[in-house]
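A.B. asks: kindly generate the corresponding structure for this input.
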Amino acid sequence: MKAMRALDGPELTDEQKDTVSVAIHYAFSTLTSAAYGAIVAGSDDRRLGSGVGFGLVLWAGLHEITLPLLGATPPLRRLPTKEQINELVTHAIFGATVEVVRAQVMEALETAAP
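C.D. replies: Below you'll find the model as predicted:
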């Protein structure tokens, strides 16, 4: 991967690359989900659609633009249509899940507040 080659140090094995990739994926997902929660925290409008939109923005911004520019993944247009649809749908589901969890956490916090 072009981005990893830019770092000094020994070449990573395929297993190490997989481990680093998963760690980065989970860390980034956690950080962007927290940012989403902070952005919509003041909103009384709790809609599943805003979570889906969040997931689709992540999909477009990362998988269509950022990761291909870094050389980490091929552009989506080079992937089979089935894989492109899978990426789109799974990111929409991820965003919806983030919104459902956020709404439930906020409701629990509001209920627990004195």
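A.B. asks: longest helix in this protein, please.
C.D. replies: Longest helix in the chain by number of residues (criterion: DSSP state H): helix 81-112.
A.B. asks: which helices and strands sit right next to that one?
C.D. replies: When contacts are defined as 3 or more Cβ pairs under 8 Å, 6 or more residues apart in numbering; DSSP states H and E, helix 81-112 packs onto helix 14-40, helix 48-58. The way it works is simple: take the backbone N, C-alpha and C, and place the C-beta from them, glycine included.
A.B. asks: pull out the buried positions in the longest one.
C.D. replies: For helix 14-40, the buried set under the neighbour-count rule, 16 or more other Cβ atoms under 10 Å, comprises 32-33, 36-37, 40.
A.B. asks: show residues contacting stretch 84-92.
C.D. replies: 52, 55-56, 58-59, 63, 76-77, 79 (Cβ atoms under 8 Å, 6 or more residues apart in numbering).
A.B. asks: so residue 43, which state does it fall into?
C.D. replies: Assigned by DSSP: H, G, I helix; E, B strand; the rest coil, the conformation of residue 43 is coil.
A.B. asks: whoops, I mixed them up, residue 74
C.D. replies: Per three-state DSSP, residue 74 ends up coil.
A.B. asks: list the contacts for the residue most central in space within the chain?
C.D. replies: The chain has residue 29 as the residue nearest its centroid, 4.3 Å off, counting by Cα atoms, centre = their mean. Residue 29 makes contacts with residue 94, as judged by Cβ under 8 Å, 6+ apart.
A.B. asks: 10 Å - rerun?
C.D. replies: 58, 94, 98 (Cβ atoms under 10 Å, 6 or more residues apart in numbering).
A.B. asks: and the last one, how far from residue 67?
C.D. replies: Spatial separation of residue 98 from residue 67 under the definition Cβ to Cβ, to the nearest Å is 20 Å.
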